[in-house]
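Just need the structure, nothing else, for what follows:
(one chain, ligands or ions: 1)
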Amino acid sequence: MMHPDTRLQFISPAVGHGVVATKAIPAGTIVWAPDPLDRRLTAGEFAALPDLMKAEVEHFAYADQAGNRVLAWDRARYVNHSCAPSCVSGGYDCNVAAVDLAPGDELTDDYGSYLPVEMPCACGAPGCRGIISRARSAGLVAGWDARFIAVFPRIGQVPQPLWDLVASGDRDGIAAALAGRSAVASIAGLIGTLYGD
Ligand SMILES: [Zn+2]
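Numbering: from 1, shown residues only. Below is the predicted model:
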């Protein structure tokens with residue numbers, strides 16, 4: 001689920017709706033974590049859906065580590081892509097604010113790490129890649145990791161209302177890295193698992 005200090009808001013005719021902060025959210029805050037109401041569809045369950053539903057699910061779902069499609073039940077499904085996102089992920093199943101978010105700031109994510117299909121991009125960010133493609137993601141891992149590692153220490157310094165939703169294995173991994181007992185997990189591991197590399 002999304003951080004409680006966020007809401008759905010109309011962004012623009014081109015973009016549609018997105019998720020914005022309703023209060024200040026400091027960098028390092030976990031802004032999304034999986035929860036039990038998110039609907040996980042196996043490949044077989046997805047294939048059995050009527051075509052009309054497939055199109056909707058494909059539009060809003062992301063791929064999880066086991067290759068399922070996951071449809072977030074809440075406004076998390078409306079988080080938009082940006083090639084210069086305000087939120088980042090590492091090798092843990094959660095999403096973290098990379099910058100201090102002020103009320104009204106949009107929470108965006110880079111779909112390149114988990115989108116199972118290619119998608120054209122017109123996000124307007126400086127350096128927009130023009131296309132979001134898993135095939136081009138390998139060269140982006142170092143940049144994603146660098147942003148995540150830069151903000152990582154703040155995870156232990158700011159309020160974390162979503163902490164209990166983070167999977168216990170990821171909580172342990174984050175705590176160990178914050179304590180310096182292990183390295184911060186790279187998103188490369190997550191991408192490899194997602195696509196069976
Ligand atoms: Zn873009």
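
got the buried residues for stretch 164-177?
Neighbour counts using 16 or more other C-beta atoms under 10 Å place 165, 166, 170, 171, 173, 174, 177 of stretch 164-177 among the buried residues. In short, each C-beta sits where N, CA and C put it, glycine included.

Straight-line length of stretch 8-24, end to end?
From its first residue to its last, stretch 8-24 covers 16 Å (C-alpha to C-alpha, to the nearest Å).

In that stretch, which residues are buried?
Buried residues in stretch 8-24, counting neighbours by 16+ other C-beta under 10 Å, are found at 11, 18, 19, 20, 21.

Same check on stretch 111-128?
Neighbour counts over stretch 111-128 (16+ other C-beta under 10 Å) mark 111, 112, 113, 114, 115, 121, 123 as buried.

same question, stretch 41-53
Neighbour-count burial for stretch 41-53, counted by 16+ other C-beta under 10 Å, picks out 41, 46.

In CSV, list the C-alpha atoms belonging to it.
Only the C-alpha atoms of stretch 41-53 are listed here, as CSV (Å, rounded to 0.1, in the frame of the first residue of the first chain):
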residue,chain,number,x,y,z
LEU,A,41,-2.3,-13.5,-10.6
THR,A,42,-0.3,-16.5,-11.9
ALA,A,43,0.3,-16.7,-15.7
GLY,A,44,-2.5,-19.2,-15.9
GLU,A,45,-5.0,-17.1,-14.0
PHE,A,46,-4.1,-14.1,-16.2
ALA,A,47,-4.6,-16.2,-19.3
ALA,A,48,-8.0,-17.3,-18.2
LEU,A,49,-9.3,-13.7,-17.8
PRO,A,50,-11.7,-12.2,-20.4
ASP,A,51,-9.9,-10.0,-22.9
LEU,A,52,-11.5,-6.8,-21.5
MET,A,53,-10.1,-7.5,-18.0
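
related to what we said a few turns ago, which one of the buried residues of stretch 164-177 sits closest to residue 67?
Taking C-beta to C-beta as the measure, residue 67 lies nearest residue 170 of those, at 18.5 Å.

outside of the helix or strand containing that closest one, which residues touch it?
In the assignment (DSSP states H and E), residue 170 maps to helix 168-178. The contact list for helix 168-178 (C-beta atoms under 8 Å, 6 or more residues apart in numbering) reads 91-94, 152-153, 155-156, 163, 166, 182-185.

at 6 Å instead, please
Applying C-beta atoms under 6 Å, 6 or more residues apart in numbering, the contact partners of helix 168-178 are 92, 93, 156, 182, 184, 185.

For those residues, which ChimeraX command selects only the ones that are buried?
Selection command for ChimeraX covering only the buried members of the contacts of helix 168-178, criterion 16+ other C-beta under 10 Å:
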select :92,93,184,185
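
Of all the contacts of helix 168-178, the one with the weakest confidence?
Comparing pLDDT over these singles out residue 93 as the least confident position, at 91.
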